[in-house]
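# This is the structure alone, sequence omitted:
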Ligand SMILES: Cc1cc2nc3c(=O)[nH]c(=O)nc-3n(C[C@H](O)[C@H](O)[C@H](O)COP(=O)(O)OP(=O)(O)OC[C@H]3O[C@@H](n4cnc5c(N)ncnc54)[C@H](O)[C@@H]3O)c2cc1C
């Protein structure tokens, strides 16, 4: 047994003799599956950490940008999918700044909540009148909601500090726990309605307002988990922005900046091999040139692996990688260029229709979730919204494709309709456990974060986490993974 003084010295000596963590050579090559925001952001962060010498191959079966995309109407481009970014989205802000892009100015417009027969809540031009109406209908529910959302957001914002200090999390539960303790983890297990009723929000406010916001963001009911609900309500409360020229420019910009090699092909599988005692991953894909495969030290999957969405498999892994319970919510976006039928909403004179955004309550007979009078991705200083009696571009969100009759109900007449159908967001009450982040030694799954909440900033946060996790694991810097009491640690670190 070593004498006491030697016992004290040994750890210090071992630390001196140890090869510095960062001395291990970086991975030679990394594959990223998917070139949406997740794939682009993780490529950028991986390169920031591992350096420019790492070969980055990004596989994409469709267009770069994934769910960030535009449609062209009358020679102008409009966001067809993910449109608005919350003011406090720090990674998205950073991407825009780094890439020399600009935030698009918000074109103000009023909102209202429609029940299928009448408007249950209408925004006016007067802030005080809006507050008075909210108070008149719902008491102080809106204040309670605001306080609840602010508390969640304040804790969520801790992630930026942790990430700036290089800390990463190996599971979504660990990540949530570090932000808000057990209460945050529980927010994935109970509904937003339950959480809000508990803090004193009235049932009427939940039915009229919370339901409308969740239908317009996730196309789902107030049964979505409290965490996903809070993120969606934060987006609806605060000011939002978008990227001038289209949100998808962030994806193409980040991939260009990292000089990632974009391979246009569909990944069909990842198989495990070993070389000199270390794991090596073979990515199999099909492209217009036929089938191919390549070997990588590390792989990041940024597309959903749940059965209804996944189109590739994992081979030679023990235990097998195949258990991703849950389903995805079908949703349809119709971009319609036409004349609104304001009579349907109780305004026979279209000139008097005041709303740019119509949300809906959870009424079975209603065939759409929300509709917005949208602006092009480039707006000049002189730009003004179309008057309600003019032909405008509307984005209608619905569960099913709109039939002719439904289109005629919403529009007096129209020039064009462009429809996109997707499995857009996780169906939030369908899976109780959260997906893993680490699938194997150096094989990571980014998209599971959508089971917490589905938004651009959540994906960016997950991309940074995966890059840090991959880096810390590669260099065996275990101190930087799943650390407890991080708020205290980051306060005391230089
Ligand atoms: C209608 C709608 C509205 C939304 N609105 C907002 C909003 O206003 N604000 C907000 O913050 N968020 C919004 N979102 C959510 C946001 O779009 C997503 O969270 C985000 O874009 C997801 O990015 P991602 O890279 O994880 O996934 P995706 O964008 O889906 O990217 C995954 C990529 O992987 C590719 N891929 C899939 N399988 C394979 C394979 N086998 N081989 C190769 N490539 C493959 C796909 O083609 C795709 O490009 C909205 C989403 C939808 C659908």
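Great, that's in hand. Predicted model only: the values in this text are computed from it and were never measured.
# got the end-to-end distance for stretch 314-327?
Terminal residues of stretch 314-327 lie 20 Å apart, using CA to CA, to the nearest Å.
# Could you grab the helix/strand/coil label for the closest residue in space to residue 328 that isn't next to it in sequence?
Nearest non-adjacent residue to residue 328, counting by CB to CB, 6 or more residues apart in numbering: residue 423, 3.6 Å away. Placement of C-beta: from N, CA and C, glycine included. Here residue 423 takes the strand state, with states given by DSSP: H, G, I helix; E, B strand; the rest coil.
# my guess is residue 423 meets residue 329, correct?
Yes - between residue 423 and residue 329 there is a contact under CB atoms under 8 Å: 6.9 Å.
# Looking at these two, which one has more neighbours?
Higher neighbour count among residue 423 and residue 329: residue 329, with 19 against 15, using other CB atoms under 10 Å.
# wait, what's in contact with residue 347?
Residue 347 makes contact with 353, 388 under the criterion CB atoms under 8 Å, 6 or more residues apart in numbering.
# Contact residues of the stretch 51-200 of the chain facing the ligand?
Taking CB under 6 Å from any ligand atom as the contact definition, the stretch 51-200 of the chain meets the ligand at 59-62, 66-68, 81-85.
# Nearest to the ligand among those residues?
Closest approach to the ligand among these (CB to the nearest ligand atom): residue 66, at 2.3 Å.
# so who does the closest one touch?
If you count contacts by CB under 8 Å, 6+ apart, then residue 66 has 34-39, 251 around it.
# re earlier: give me the buried entries from the residues of the stretch 51-200 of the chain next to the ligand.
For these, a burial check counting by 16 or more other CB atoms under 10 Å picks out 59-61, 66-68, 81-85.
# would you list those residues in a markdown table and tack on distance to residue 477, secondary structure and pLDDT?
Listed next are these as a markdown table, based on distance: CB to CB, whole Å; DSSP: H, G, I helix; E, B strand; the rest coil; pLDDT from 0 to 100:
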| residue | distance to residue 477 | secondary structure | pLDDT |
| --- | --- | --- | --- |
| 59 | 28 | strand | 98 |
| 60 | 31 | strand | 98 |
| 61 | 34 | coil | 95 |
| 66 | 31 | coil | 94 |
| 67 | 33 | coil | 92 |
| 68 | 33 | coil | 95 |
| 81 | 37 | coil | 81 |
| 82 | 34 | coil | 84 |
| 83 | 39 | coil | 87 |
| 84 | 37 | coil | 90 |
| 85 | 32 | strand | 93 |
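# Have a look at this protein and report its longest helix.
The residue-count maximum for a helix in the chain (DSSP state H) belongs to helix 456-474.
# Run the chain-centre distance for it.
With CA atoms, centre = their mean, to the nearest Å as the basis, helix 456-474 stands 14 Å off its chain's centre.
# and it, what other elements does it pack with?
Counting contacts by 3 or more CB pairs under 8 Å, 6 or more residues apart in numbering; DSSP states H and E, helix 456-474 packs against helix 37-50, strand 85-86, helix 90-98, helix 158-164, strand 298-301, strand 443-445.
# Could you verify my assumption that residue 27 touches residue 297?
Yes - look at residue 27 against residue 297 with CB under 8 Å: they come within range, at 3.6 Å.
# hey, what's in contact with both of those two?
residue 442.
# can you list the weak-confidence ranges in the stretch 151-300 of the chain?
Applying pLDDT under 70 to the stretch 151-300 of the chain flags no residue at all.
# All the strands of the stretch 101-250 of the chain, residue numbers only.
Along the stretch 101-250 of the chain, the stretches classed as strands by DSSP state E, counting those that start in this stretch are 103-104, 110-114, 119-122, 240-243.
# Smallest gap between the stretch 151-300 of the chain and the ligand, at which residue?
Counting by CB to the nearest ligand atom, the stretch 151-300 of the chain gets nearest the ligand through residue 267, at 3.7 Å.
# Quickly find the element holding that residue.
strand 261-275 (DSSP states H and E).
# for that strand, packing partners?
strand 55-60, strand 278-287, strand 290-296, strand 313-315.
# can you state the direction angle for that strand and strand 278-287?
Angle of strand 261-275 versus strand 278-287, following axes from the mean of the first three to the mean of the last three CA atoms, to 10 degrees, is 140 degrees.
# List the buried residues of strand 261-275.
Per 16+ other CB under 10 Å, strand 261-275 contains these buried residues: 262-265, 267, 270-272.
# Show the pLDDT at residue 19.
Here the pLDDT value assigned to residue 19 is 43.
# circling back: the longest helix of the chain near the ligand anywhere?
Yes - Helix 456-474 is in contact with the ligand by CB under 6 Å from any ligand atom, via 456, 459.
# Which two of the buried ones among the residues of the stretch 51-200 of the chain next to the ligand have the greatest separation?
The largest separation in these, counting by CB to CB, is between 59 and 84 at 28.6 Å.
# tell me which residues in stretch 35-49 are buried?
Of all the residues in stretch 35-49, those buried under the rule 16+ other CB under 10 Å are 35-47, 49.
# from those, which are also near the ligand?
Among these, the residues within reach of the ligand (CB under 6 Å from any ligand atom) are 35-39.
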